[in-house]
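> Sequence and predicted structure below; questions after.
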Amino acid sequence: MYCGCPILWVSKLQTEITLSTTESEYVALSQAMRDVIPFLNLMKELSSIMEMEIPKAKVKCTLFEDNNGALELARTPRYRPRTKHIALKYHHFREHVKRGLVSIMPIDTKEQIADQFTKALDLTTEEMS
């Protein structure tokens, strides 16, 4: 989001077959990062070309993840027996997380805005709005 407005929003089925919800969330996180990282680079280039006074710390992104396994996998690059089968192509963003250009923060499933478009609402949630 930029100034409270979404810049990019995509909803589509994953083309990969995953074996767990952690892997599925991690693949989705990786796919989102494929769009975010070039956008961050574009913002840096535009700020230098247009001579905008944007400190480097301001050109960064925060992603919210509601799956603790995917969050741990993204933050801590180490060997795990249950996730060793995940292809290397999904680990491309770890360096950006390590350098602080992208931060991945936990969020409760109930507060994850994107989930309302992908999961069925129960009656109590629907009645509350």
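Received, thanks.
> quick one: residue 100 from residue 40, how far?
12 Å (C-beta to C-beta, to the nearest Å). Any C-beta I mention is one placed from the backbone N, CA and C, and that applies to glycine too.
> Please settle this for me: is residue 85 part of a strand?
No: read with DSSP: H, G, I helix; E, B strand; the rest coil, residue 85 is coil and lies in no strand.
> Would you mind telling me which of residue 100 and residue 40 has more residues around it?
Shown here are residue 100 and residue 40; by other C-beta atoms under 10 Å, residue 40 has more neighbours (16 against 10).
> So the more buried one is in contact with residue 61, correct?
Yes: Residue 40 lies in contact with residue 61 (C-beta atoms under 8 Å); the separation is 6.0 Å.
> what about residue 74, neighbour count?
Quick note: residue 74 (other C-beta under 10 Å) scores 23 neighbours.
> where's it relative to residue 50, distance?
Applying C-beta to C-beta to residue 74 and residue 50 gives a distance of 32 Å.
> can you pull out the strands in the protein?
Using DSSP state E, the strands of the chain run over 61-65, 102-106.
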